[in-house]
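1. Next one to model:
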Amino acid sequence: CHTSRMPTPKGKEPAQNLPREELTHLILKLLQAWKEPLSHFNQHIEHHQELSDDSLSKAKQISNMVHELKMGVEKSMGIISNSLNGMASSEAAGLSISNEANLMSDSDFIHCFRRDSNKVQSYLKILKCRIMPENSC
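-> Purely as a prediction, here's the structure:
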């Protein structure tokens, strides 16, 4: 996975111990790291004749959701990071993703995306519990 060198907490407890700003920044870095690879993936799958229109539509929806989620995290947390917004996705993540992400097989790509999506989901749940503890987290 192109994001495997990105330092992330190993488990729930270390993630819960991160300060809110650091956890939010980590979420933004993961989302930003997927912007370019998802764009390339969408272009790649559009050339597969065997894929249905529904599959193509779902791939585009995923890309749009990642973008919207990134924007939503930035707005809801009051973080508009010029350093992240002004950089290319690979620079923001501190990774060289141009070749690594593009050379992955489709199944590896989807596996990596699912792994990182689960991380983002877990980190967002932690943030939600900190912001709204009444949700009995």
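
2. Sketch out the strands for this structure, chain order is fine.
-> With DSSP state E, there are no strands along the chain.

3. Break down it into its helices, ranges please.
-> With helices called from DSSP state H, the chain shows them at 12-16, 20-46, 53-76, 82-85, 89-93, 100-103, 106-131.

4. Enumerate the positions of the second one that are buried.
-> The one in question is helix 20-46. 23-38, 41, 45 (16 or more other C-beta atoms under 10 Å). Every C-beta, even on glycine, is put in place using the N, C-alpha and C of the backbone.

5. what's it packed up against?
-> Packing partners of helix 20-46 (3 or more C-beta pairs under 8 Å, 6 or more residues apart in numbering; DSSP states H and E): helix 53-76, helix 82-85, helix 89-93, helix 100-103, helix 106-131.

6. Could you give the number of residues near residue 16?
-> Residue 16: 14 surrounding residues under other C-beta atoms under 10 Å.

7. Pretty sure it sits against residue 123.
-> No - the criterion here is C-beta atoms under 8 Å, and residue 16 misses it with residue 123 at 9.8 Å.

8. got any ranges where the chain has weak pLDDT?
-> For the chain, the stretches with pLDDT under 70 are 46, 48-53, 55-56, 75-104, 135-137.

9. returning to that earlier point: how about TSV for the helices of the chain, with distance to residue 6 added?
-> Formatted as TSV, these follow (distance: least, C-beta to C-beta, whole Å):
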stretch	distance to residue 6
helix 12-16	14
helix 20-46	7
helix 53-76	15
helix 82-85	13
helix 89-93	6
helix 100-103	12
helix 106-131	9
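
10. what's the closest of these to residue 2?
-> Among the helices of the chain, helix 100-103 comes nearest to residue 2, with 4.1 Å by C-beta to C-beta.

11. And for residue 131, the neighbour number?
-> Counted with other C-beta under 10 Å, the neighbours of residue 131 add up to 11.
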